[in-house]
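Engineer: everything below, folded, please.
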Amino acid sequence: MLKNLDIAAIRKDYTLKEFDESHVNPNPFAQFNVWFNEALDAAVNEPNAMTLATARLDGKPSARIVLLKGIEEDGFIFYTNYLSNKGKQIALNPHAALVFFWPELQRQVRIEGTIEKTAAHTADEYFASRPLESQIGAHASAQSAVLGSRKELEEEFERLKKLFTQEPILRPENWGGFKLVPEKMEFWQGRASRLHDRFEFTKTKAGWQFVRLSP
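Structural biologist: Predicted coordinates for the structure are as follows:
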């Protein structure tokens, strides 16, 4: 039980910016790029951090923070171990969602769609660009598997570190990229008195259409 803290009384009024129809780019990817660049300019802490929500076949959801590592004209790319909990869930149920929250700008972006694997050569190129320790870590960690102790993980890391002074480090077969291809995207700008600006994009056969949503 939390003491000396009235959680219900925690609140913040949003007054930094507004977001109306004249500001909306009809292409949600272009709109995302505008907001992402503004997050970079505002020195937002880890602007590429995003919540990834997946679900099992029985409908039970799970969520975690992952890092956006690329944007293509049709989707958002991140990398992980395919045998991790999220990798297994995606393999069984490719429907997923992303959420970006940039509190310094009082903004949120919600994205819903389906996930597919990236091309192997794309994953190879990204893996090769990672720091050496991160490459070794991808080999050392059986992500989401039960681990006996921290020492066990560190010993495996050191073993592989010595091995890879003699062998080139190739991308593990069970590690690679995923791309979420959006069907819906929502841009949320916090406003005063909880009268927030929300615009939802939906992909149709005719292209992207957007509407304003009530806050």
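
Engineer: now the strands for the protein?
Structural biologist: 49-55, 61-67, 70-72, 75-81, 95-102, 107-117, 175-189, 197-204, 207-213 (DSSP state E).

Engineer: what separates the second one from the chain centre, distance-wise?
Structural biologist: If you compare the mean C-alpha spot of strand 61-67 with that of the full chain, they lie 7 Å apart, counting by C-alpha atoms, centre = their mean, to the nearest Å.

Engineer: who does it touch, helix- and strand-wise?
Structural biologist: strand 49-55, strand 75-81, helix 85-92 (3 or more C-beta pairs under 8 Å, 6 or more residues apart in numbering; DSSP states H and E). Backbone N, C-alpha and C define where each C-beta goes, glycine included.

Engineer: in that strand, what's buried?
Structural biologist: In terms of neighbour count (16 or more other C-beta atoms under 10 Å), strand 61-67 has its buried residues at residue 66.

Engineer: quickly run through the sheet partners of it, with directions.
Structural biologist: strand 49-55 (antiparallel) (DSSP bridges).

Engineer: now swap in the fifth one and tell me
Structural biologist: Based on DSSP bridges, the strands next to strand 95-102 in the sheet, each with its direction, are strand 49-55 (antiparallel), strand 107-117 (antiparallel).

Engineer: got the CA positions of it in CSV?
Structural biologist: Extracted in CSV, the C-alpha atoms of strand 95-102 (Å, rounded to 0.1, in the frame of the first residue of the first chain):
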residue,chain,number,x,y,z
HIS,A,95,-1.9,-8.7,-34.9
ALA,A,96,-0.2,-6.2,-32.7
ALA,A,97,-0.1,-2.5,-31.6
LEU,A,98,2.6,0.1,-31.0
VAL,A,99,2.4,3.2,-28.7
PHE,A,100,4.9,6.1,-28.7
PHE,A,101,4.7,8.6,-25.8
TRP,A,102,6.6,11.8,-25.9
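
Engineer: nearest to residue 153, out of the strands of the chain?
Structural biologist: Smallest distance to residue 153 across the strands of the chain (C-beta to C-beta): 13.8 Å, for strand 75-81.

Engineer: and the contacts of the closest one?
Structural biologist: 50, 52, 66-71, 86-87, 98, 111, 113, 116, 118, 122-123, 126-127, 138, 141-144, 172, 174-182 (C-beta atoms under 8 Å, 6 or more residues apart in numbering).

Engineer: quick check: PyMOL command selecting the buried ones in those.
Structural biologist: Of the contacts of strand 75-81, the buried ones go into a single PyMOL selection, burial set by 16+ other C-beta under 10 Å:
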select buried, resi 50+52+66+68+69+86+87+98+111+113+118+122+123+126+127+138+141+143+172+175+176+177+178+179+180+182
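
Engineer: to what extent is residue 32 buried, counted in neighbours?
Structural biologist: Neighbourhood size, residue 32 [other C-beta atoms under 10 Å]: 20.

Engineer: now it, nearest residue through space, not along the chain?
Structural biologist: residue 109 (6.4 Å; C-beta to C-beta, 6 or more residues apart in numbering).

Engineer: got any ranges where this structure has weak pLDDT?
Structural biologist: 1-4 (pLDDT under 70).

Engineer: pick out the residue nearest the middle of it.
Structural biologist: Geometric centre of the chain, nearest residue: residue 50, 3.5 Å, by C-alpha atoms, centre = their mean.
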